[in-house]
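S.K.: Show me the folded form of this:
(one chain, ligands or ions: 1)
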Amino acid sequence: MIVILLIVLVLGWFSVFRYRRRNMYKLAAAIPDVDKHIPLLGIAHKFTGNTEEIMSVLQRYSYNSMKHNGLAKGWLGHILYFVLSNPVDSEVVLKTCLEKDDLHRFIRAIIGYGGIFAPVSIWRRRRKIMVPAFSPRIVQSFVGIISEQSEKLASNLGKRVGKGMFSSWPFLSAYTLDSVCETALGVKINAQGDKDSSFLKSMNRILNIVCMRIFHLWLQPVWLFKLFPVFNEHQSCIEMLHDFVDKVIQNKREEIKRENNSKTEVDYEYNLGSYKCKTFLDLLITLSGAEKGYTNIELREEVLTLTVAGTDTSAVAIGFTLELLSKYPEIQEKVYKELREVFCDSERPLIKEDLEKMKYLERVVKESLRLFPPVPFIIRKVLEDMTLPSGSVLPAGSGIVVSIWGIHRDPKYWGPEAEHFDPDRFLPERFNVEHPCCYLPFSSGPRNCLGYQYAMISIKTSLSAILRRYKVVGEPEKGPVPRIRVKLDIMMKSVEGCQVALERRPTK
Ligand code: HEM
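M.R.: Alright, predicted model coming up:
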C-alpha cells in the first residue's frame, strides 16, 4: 500500500513538473538534437569519460550544431542546453544573456563574487570599476615586468636545450602566474624560480579539483563532497590562496596610509603619486573609491579573478603556438626572420615599441587562438524566452553553450580550408569574415575579456623571447591540418602538455 502511494506521489510530482515546463518542451522540440537521447538521462551519460573524451564529445556536438544552421539541443538530465555555433545568433546571446551558468558555482568557492563569474547584479558595478584599470596606457606600463619575466622564462628553458622532447607547460604556467601576480599584486612570487611554490601548487590543484567537481556529479552536492578526502585538500588550497592575497592587501593598505601621511601640499596639488607604475591592486583600491570603496574581501575576490582569468588562458595560448610552430618549421622560420629584423643580433629585452613591429608573429598568435581557443565554450543562462535572429526561440530556464571552437572552424565562415593552419588569413587584405563574431577568442559583448590587450602583450613578449634564442622542434605535420590532442580542463589544454624540443639559435 505504502509503495503504491509512493509511486502515485512520484508520478504526480513528475506530471506537475512536466506540466509547468510544457513551454520549454514545446520550444525545444522544434530544435534538432546534438545526439541520440536516452530517457531521463538525455546525453548526460556521454560525459562520464576523461577530460579528453569530454572535449571530443563537445567537439562532435559543435560539428553537429554546424550541420543544423548553428543550433542544436541536448538534455543533461532535466537541464536543457543548446550548442550554438552561428556567429549572428551568438552575438545576440553574448549581448543579452549576461547571467553565467550554474556550473560556475564551483569556482565561486575560490573567487567568490569576483567579476568573471559573478551574478549580473554584482558584476555590473565591478566591471565599471575594472574597465579603466585595463586602459591601453596602463596595460602598456606593464611591458617592463612582462618582459623581465619572459627573459626568465627563456633562460629557464635554456636548461632543456638538446635534451629531447619535454612538456613546456610547467614553464609556461609559472611564467604567466609570475607576470600576473607581479602586475596584479605587485609581489614577486617567483614560481619560475621555485618549482615548489605553494601559491603555484595551490592554484593548480584547486583548478584541477574544480574541474573534477564540474564533471563528476557525485562531487557536486556540498554535503557529499565533504565526505571525500579531496574536500580537505580543496579547503587548504583555498585557505592558502586567501591568506596570501589577504596579507598582500593588508600591506598595500598600510603602504597607502603611510604614503598619504607623508604627502606634501605639492604632492596633493599635482597628484604626484599617480605617476608611479601602479599594480591592478592599487588601481582597484583607487578606482573603487579608496577607503570608501572595495572591502578587503571584495579586493581579494577581484585580485583572484584576475589571477584565475589571466594565468592559464595565456599559458595555454603560448603553449599551443609553440606546438604549432614546432609542427610547421617553415612558418617558424618566418617568425624568426621577423624577430631578427626587430632585434638584429642583440639580446636586449623587449620594449613596448617592438610589439607593433612583430606583425607576422601577431598573425601566428591569432591563427593559433582561432584553431585552439583557450576558452572553447562560453556558457550562459536564458532567463526569458528569446527569439534568435535565425528565428529559433530558446526557452527560459535553458543554458546556451556558445561554441567558439565550432564558429572558428566552420567552413561557412572560414572557407573550405577552415581547419588549415594559415596565419596569413589574418593579413588585412585577406581577412574578410562576414560577421565580427566569426572570430571571438576573447568573447564579445558586455562581458567580453577585459584582459585581451594584456594577453596579447604577454603572449607576444614571451614567444619572442623564446623564439629569438631557440628553434622549437617537434614532429613536423604531414599536412596543413594540425593534429594536437586536446582536453577540457576548465580551459582547453594540450593533452601532452605542449611537448617540444629546443635547439639553440646562433647568437650572431
Ligand atoms: C589568451 C588569453 C585569454 C583568453 C583566450 C581569454 C578569454 C576570455 C573569455 C572568452 C572571457 C569571457 C567569457 C564570457 O564571455 O563569458 C574572458 C573574461 C575575462 N578575462 Fe580573459 N582571456 C585571456 C586572458 C586574460 C588576461 C591575461 C586577463 C587579465 C589579466 C583576463 C581577464 C579577464 C576578465 C577580468 C574577464 C571577465 C570579464 C567580465 O565578466 O566582465 N583575461 N576572458
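S.K.: burial of H420, as a residue count?
M.R.: By other C-beta atoms under 10 Å, 15 other residues sit near H420. Quick note: C-beta positions are derived from backbone N, CA and C, even for glycine.
S.K.: cool, the one 3 residues further on as well?
M.R.: Residues near P423, counting by other C-beta under 10 Å, number 21.
S.K.: can you pull the contacts of the residue of the stretch 51-200 of the chain found nearest the ligand?
M.R.: Taking C-beta to the nearest ligand atom, the ligand has its nearest neighbour within the stretch 51-200 of the chain at I116, 3.9 Å off. Contact analysis of I116 by C-beta atoms under 8 Å, 6 or more residues apart in numbering lists T305, V308, A309.
S.K.: near the ligand, which of those residues show up?
M.R.: T305, A309 (C-beta under 6 Å from any ligand atom).
S.K.: Let's have the contacts of I116 in TSV, adding secondary structure.
M.R.: Converted to TSV, the contacts of I116 look like this (DSSP: H, G, I helix; E, B strand; the rest coil):
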residue	secondary structure
T305	helix
V308	helix
A309	helix
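S.K.: Tell me which other helices or strands the helix or strand containing S173 touches.
M.R.: Using DSSP states H and E, S173 maps to helix 169-184. Here helix 169-184 touches helix 143-158, helix 198-215, helix 280-287, helix 296-310, helix 312-327, helix 452-469, going by 3 or more C-beta pairs under 8 Å, 6 or more residues apart in numbering; DSSP states H and E.
S.K.: What's the local residue count around the residue in the stretch 351-500 of the chain positioned nearest to the ligand?
M.R.: Nearest residue of the stretch 351-500 of the chain to the ligand: G451, at 2.1 Å (C-beta to the nearest ligand atom). By the measure other C-beta under 10 Å, the count of residues near G451 is 20.
S.K.: what's the closest non-adjacent residue to it?
M.R.: Leaving aside its sequence neighbours, G451 sits nearest to G310 (C-beta to C-beta, 6 or more residues apart in numbering; 5.2 Å).
S.K.: List the contacts of the one you found.
M.R.: By C-beta under 8 Å, 6+ apart, the contact set of G310 is T176, V180, A184, G451, Y454, A455.
S.K.: Pull out the buried positions in the helix holding S173.
M.R.: 169-184 (16 or more other C-beta atoms under 10 Å).
S.K.: And stretch 333-347, by the same measure?
M.R.: So, applying 16+ other C-beta under 10 Å, buried residues of stretch 333-347: K334, V335, Y336, E338, L339, V342, F343.
S.K.: Tell me which residues are up against it.
M.R.: Residues outside stretch 333-347 that contact it (C-beta under 8 Å, 6+ apart): 325, 350, 354, 357-361, 364, 463-464, 467-468, 471, 505, 507-508.
S.K.: Distance from that stretch to the middle of the chain?
M.R.: Mean C-alpha position of stretch 333-347 versus that of the full chain (C-alpha atoms, centre = their mean, to the nearest Å) differs by 30 Å.
S.K.: Kindly report the same for stretch 152-169.
M.R.: 24 Å.
S.K.: Name the residues that touch that stretch?
M.R.: Against stretch 152-169 from outside (C-beta under 8 Å, 6+ apart): 171-172, 174-175, 178, 192-193, 315, 319, 322, 462, 465-466, 468-470, 474, 493-494, 496-504.
S.K.: Pull out the buried members of those residues.
M.R.: By 16+ other C-beta under 10 Å, the contacts of stretch 152-169 give 171-172, 174-175, 178, 192, 315, 319, 322, 462, 465-466, 468-470, 474, 493-494, 497-502 as buried.
S.K.: Wasn't E496 part of a helix?
M.R.: No. Counting by three-state DSSP, E496 falls outside a helix, being coil.
S.K.: for it, phi and psi?
M.R.: For E496, the backbone dihedrals (degrees, to the nearest 10) come out as phi -90, psi 10.
S.K.: Isn't it up against R485?
M.R.: Yes. If you go by C-beta atoms under 8 Å, E496 and R485 touch, sitting 6.4 Å apart.
S.K.: picking that back up, just checking: which of the buried ones among the contacts of stretch 152-169 also lie near the ligand?
M.R.: Answer for the buried ones among the contacts of stretch 152-169 near the ligand: none qualify (C-beta under 6 Å from any ligand atom).
S.K.: thinking again about what came up before, may I see the PyMOL selection of the buried members of the contacts of stretch 333-347?
M.R.: In PyMOL, this line selects whichever of the contacts of stretch 333-347 come out buried by 16+ other C-beta under 10 Å:
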select buried, resi 325+350+354+358+360+361+364+463+464+467+468+471
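S.K.: Distance of S346 relative to the ligand?
M.R.: 28 Å (C-beta to the nearest ligand atom, to the nearest Å).
S.K.: The nearest residue to A290 once chain neighbours are set aside sits in which helix or strand?
M.R.: Nearest residue to A290 in three dimensions, chain neighbours excluded: I256, at 7.9 Å (C-beta to C-beta, 6+ apart). Per DSSP H and E: I256 is located in helix 230-261.
S.K.: other SSEs contacting that helix?
M.R.: helix 105-111, helix 198-215, helix 280-287, helix 296-310.
S.K.: looking at the ones you listed, which is buried most?
M.R.: Neighbour counts (mean count of other C-beta atoms under 10 Å) averaged over each of these peak at helix 296-310, with a mean of 22.
S.K.: Only alpha carbons, please: show that helix as PDB.
M.R.: C-alpha atoms of helix 296-310 as PDB (Å, rounded to 0.1, in the frame of the first residue of the first chain):
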ATOM      1  CA  ASN A 296      39.200  43.700   1.700                       C
ATOM      2  CA  ILE A 297      37.100  40.700   0.700                       C
ATOM      3  CA  GLU A 298      35.900  42.400  -2.500                       C
ATOM      4  CA  LEU A 299      39.500  43.200  -3.300                       C
ATOM      5  CA  ARG A 300      40.600  39.600  -2.700                       C
ATOM      6  CA  GLU A 301      37.800  38.400  -5.000                       C
ATOM      7  CA  GLU A 302      38.800  40.800  -7.800                       C
ATOM      8  CA  VAL A 303      42.500  40.000  -7.500                       C
ATOM      9  CA  LEU A 304      41.900  36.300  -7.500                       C
ATOM     10  CA  THR A 305      39.600  36.700 -10.500                       C
ATOM     11  CA  LEU A 306      42.500  38.300 -12.400                       C
ATOM     12  CA  THR A 307      44.800  35.600 -11.400                       C
ATOM     13  CA  VAL A 308      42.400  32.800 -12.500                       C
ATOM     14  CA  ALA A 309      41.300  34.600 -15.700                       C
ATOM     15  CA  GLY A 310      44.800  35.700 -16.700                       C
END
